[in-house]
Every structure is written in structure tokens, then in C-alpha cells.
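J.: Provided below are the primary sequence and the corresponding predicted coordinates.
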Amino acid sequence: MVNQGRMIIYAAIAGLLAMLGGITWYASLDNPKLETAEIDLGDVAIVNVNSIDRRASLDVGFKIKNPSDKPFTISNISYELYGNGKLLGKGQYSNEDVPLPGRAIFSTNVEIELPSRFQLIPTTENSDVYDAIVNREPVQYSAKGVVTVESAWSLVEKQFDVSQ
């Protein structure tokens, strides 16, 4: 015969697991709307050139748009920046340390450009593009990477490949 105390414990554990499963299922309902987030490459502008160390700082903007009716925020954008088809390096926009209510909220049909500071260091592969950027010659920029889209209950990592 099964002890009544054990039955209560088993029922409590089963109820807890069912509740956790329900929360996970409810949170996943936002995922299709979060995946509709649109990202595009905004302005890329030179900010500072250090000719002694041969480095340059660029401001890279990412335009984010929300076509759905579900508000969201962006916590992270990890990307590789290309100039004239050559890899310039890796960069990141992050506000993961900012609580959800303190971040920019993307409501329906809202487009916001998020800035990212990019440190450009010339290599043997990209030295010609570095010189073109520093001399303010026209450069065709592109970026690819992963953007993290968050709502109050869920988050989605979406890959992107964009160019100007």
C-alpha cells in the first residue's frame, strides 16, 4: 500500500512540472512574431582616426523595424562588418546589462537605428579598404550576424545578412 504522504509529494511534483511546461509553452507563443523583426544596415560613419596606431573608430547603425503587433526589444547584435566585400572585423551592439524596461521598445511599425562603435584595425587583407575609409572615399558596407530579439516572456536569435 502506498503511503498518503508520498502520494501528496508525487502530486505536487507532477503539478510543478505541468506548471513549468505550461509557462514554457505560453512563452513560445511570441516566437513567430519576434521572428518577423526586420534589420537593415544604417549609416556607417568614421568618428576618429588614430594615424599613429593605425586604427579608426566607426559608428555602425542598424535600423530595426517591428512589422508585428508584439512589442519587443533588442538585447544584442553580433556582426561581421565588410567593406567592398572584404572582412573588416567583428563588432557587437549590446545592452544585455540594461533591464528590459530601460531598453528601446519597438512597437508596431516603429523603426529605430541602434548605434554600435566599431574599431577598425587594418590587416594585410583589408588595408586597401582601410585606406579608402580613412581617406573618406566611397565604400560599400555590408554586415552579417545574429540579432537577439526579446519580449517579456521569450527571446529569438535571428540571423541576418544586410548591405547598404
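T.: Sure, I can see it. Note that the structure is a prediction, hence the values are computed from the model and not measured.
J.: report the separation between the closest residue in space to residue 83 that isn't next to it in sequence and residue 144.
T.: Distance criterion CB to CB, 6 or more residues apart in numbering; nearest residue to residue 83, sequence neighbours excluded, is residue 129 at 4.1 Å. Yep, even glycine has a C-beta here, placed from its N, CA and C like the rest. Here residue 129 is placed at a distance of 16 Å from residue 144 (CB to CB, to the nearest Å).
J.: the residue nearest to residue 83 - that's part of a helix, no?
T.: Yes. Under DSSP: H, G, I helix; E, B strand; the rest coil, residue 129 sits within a helix.
J.: that one contacts residue 81, doesn't it?
T.: No. Here residue 129 lies out of contact with residue 81, judged by CB atoms under 8 Å, at a distance of 10.3 Å.
J.: list residues touching both of these two?
T.: residue 88 (CB atoms under 8 Å, 6 or more residues apart in numbering).
J.: where do the helices sit along this protein?
T.: Under the criterion DSSP state H, helices of the chain are mapped to 4-28, 31-34, 127-134.
J.: from residue 8, how far off is residue 148?
T.: 42 Å.
J.: between the two, which is the more surrounded one?
T.: Neighbours were counted for residue 148 and for residue 8 using other CB atoms under 10 Å; residue 148 has more, 19 against 10.
J.: quick check: chain neighbours aside, which residue is closest to the more buried one?
T.: residue 76 (4.2 Å).
J.: what residues does that neighbour make contact with?
T.: For residue 76, the contacting residues are 92, 93, 94, 95, 96, 146, 147, 148, by CB under 8 Å, 6+ apart.
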